[in-house]
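> Below are the sequence and a predicted model; questions follow.
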Amino acid sequence: MSVDRPPTTILRAGPRLTTAWVLSAVVLAVMVLTSAIGLLAANLYPEDTWAVAALRGNDLVTLALVAPALAIAMVLSRRRPTSASVLVWLGLLFYGAYNYAYYAFGTAFNDVFLLHVVAFSASTAGLVLLASSIDADVAASGVVGGTRARVVAGFTTVVGLALLGAWGTISVRFAVTGDLPENVMPPSAVHLVYALDMGVLAPAFLIAGVMLWRRMPWGSVLAVAVNASGAAYLAVLWAVGGFQADAGIAGTSWLSPVAVGSTLACLLATLALLVRPGDRPVAAQRHTTPARA
């Protein structure tokens, strides 16, 4: 006698998922609060001019773009989770972990320092718990496969390689010649950027790209998440350039082709994987989910 299969769901219920919900709500609340304070309190950040402009540009994008997107993704995932809502939620938690690492480790003490640490910690833990609650096979079934996924896989891999190549070359040059990076930021700040990009961001893009190319379900999951987070953080870089231009920092502008183009590229990569969930999914091309008795 056959027994009907239980309905599949993207998110596995349990204490890990419940905790991920709670931590994500904390992240959202702290995002809104600290970003609003950063924009409204003129003397919050006791930093150099370039850093104050960068932090306030970051606060603008976090408040106006990332927090609303996270709220929408969470609400939709609560009502009826789909690949789009859950994987964008995952990506924005990755944004939170990466972004608030700069606030927690790269800024001087300020009145909301503890909240920045909370945002970093809650984003990191929430990211791990949410990822461990996702059924990758089910999630991948809502992600576009075929040629479009191959193109996104190539793009995602190239982004990771570009970060490693650019920052790694400069780091090797310093090891050989002793020449520090020349930029708007002092070497101490550049050091943190290179460490996070080569230690966190580049590996995430590389792993996602290679796994997506190999048609692995987790490749679909990670590729959507890292490109969504990439689009959000590249929008931050666009706003940072604008705020620094307004502060009189030479070589910065609101109209940076690199920042605008990179933001659009990651956004298009995300949409390319999600806009037609009816296409043949990556997971179905090589993996099948066994029936459960």
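Now that the structure is in, tell me what you want to look at.

> Nearest the geometric middle of the protein, what residue?
The residue lying closest to the centre of the chain (C-alpha atoms, centre = their mean) is Ser229, at 2.4 Å.

> For that one, list the residues it contacts.
The contact partners of Ser229, taken as C-beta atoms under 8 Å, 6 or more residues apart in numbering, are Gly91, Leu92, Phe94, Tyr95, Tyr98. All C-beta spots, glycine's among them, are computed from the backbone N, C-alpha and C.

> Let me know the helix or strand that the last one is in.
Secondary structure from DSSP states H and E places Tyr98 in helix 83-106.

> can I get the CA coordinates of that helix in PDB?
This file holds the C-alpha atoms of helix 83-106, laid out as PDB (Å, rounded to 0.1, in the frame of the first residue of the first chain):
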ATOM      1  CA  SER A  83      13.000  30.300  -3.700                       C
ATOM      2  CA  ALA A  84      13.100  34.100  -4.400                       C
ATOM      3  CA  SER A  85      12.000  35.200  -0.900                       C
ATOM      4  CA  VAL A  86      14.100  32.700   1.100                       C
ATOM      5  CA  LEU A  87      17.300  33.100  -0.900                       C
ATOM      6  CA  VAL A  88      17.100  36.900  -1.000                       C
ATOM      7  CA  TRP A  89      16.600  36.800   2.800                       C
ATOM      8  CA  LEU A  90      19.700  34.600   3.000                       C
ATOM      9  CA  GLY A  91      21.600  37.000   0.800                       C
ATOM     10  CA  LEU A  92      20.700  40.000   2.900                       C
ATOM     11  CA  LEU A  93      21.800  38.300   6.100                       C
ATOM     12  CA  PHE A  94      25.100  37.700   4.300                       C
ATOM     13  CA  TYR A  95      25.200  41.500   3.600                       C
ATOM     14  CA  GLY A  96      24.600  42.100   7.300                       C
ATOM     15  CA  ALA A  97      27.500  40.000   8.400                       C
ATOM     16  CA  TYR A  98      29.900  41.400   5.800                       C
ATOM     17  CA  ASN A  99      28.700  45.000   6.200                       C
ATOM     18  CA  TYR A 100      28.700  45.200  10.000                       C
ATOM     19  CA  ALA A 101      32.100  43.700  10.200                       C
ATOM     20  CA  TYR A 102      33.300  47.000   9.000                       C
ATOM     21  CA  TYR A 103      31.400  48.900  11.700                       C
ATOM     22  CA  ALA A 104      32.400  46.400  14.400                       C
ATOM     23  CA  PHE A 105      36.100  46.100  13.600                       C
ATOM     24  CA  GLY A 106      36.900  49.100  11.500                       C
END
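
> after it comes which helix or strand?
Sequence-wise, the next helix or strand beyond helix 83-106 is helix 113-131, with elements assigned using DSSP H and E.

> mind checking how far the next helix or strand after that following helix is from the chain centre?
As assigned by DSSP H and E, the chain's next helix or strand after helix 113-131 is helix 136-140. Its chain's C-alpha centre and that of helix 136-140 lie 19 Å apart, by C-alpha atoms, centre = their mean, to the nearest Å.

> For helix 136-140, buried residues please.
Neighbour-count burial for helix 136-140, with 16 or more other C-beta atoms under 10 Å as criterion, is recorded at Ala136, Asp137, Val138, Ala139, Ala140.

> what's the next helix or strand after it packed up against?
Sequence-wise, the next helix or strand downstream of helix 136-140 (DSSP H and E) is helix 146-177. For helix 146-177, the helices and strands in contact under the criterion 3 or more C-beta pairs under 8 Å, 6 or more residues apart in numbering; DSSP states H and E are helix 187-196, helix 202-213, helix 217-246, helix 257-274.

> Now do the buried residues in stretch 21-39.
Along stretch 21-39, the positions that meet the burial threshold by neighbour count (16+ other C-beta under 10 Å) are 21, 23-24, 26-28, 30-32, 34-35, 37-39.

> Stretch 89-105 too?
Going by neighbour count (16+ other C-beta under 10 Å), the buried part of stretch 89-105 is 89-104.

> Which of those residues sits closest to Tyr45?
Tyr103 (9.6 Å; C-beta to C-beta).

> For Trp254, give me its contacts.
Trp238, Gly241, Gly242, Ala245.
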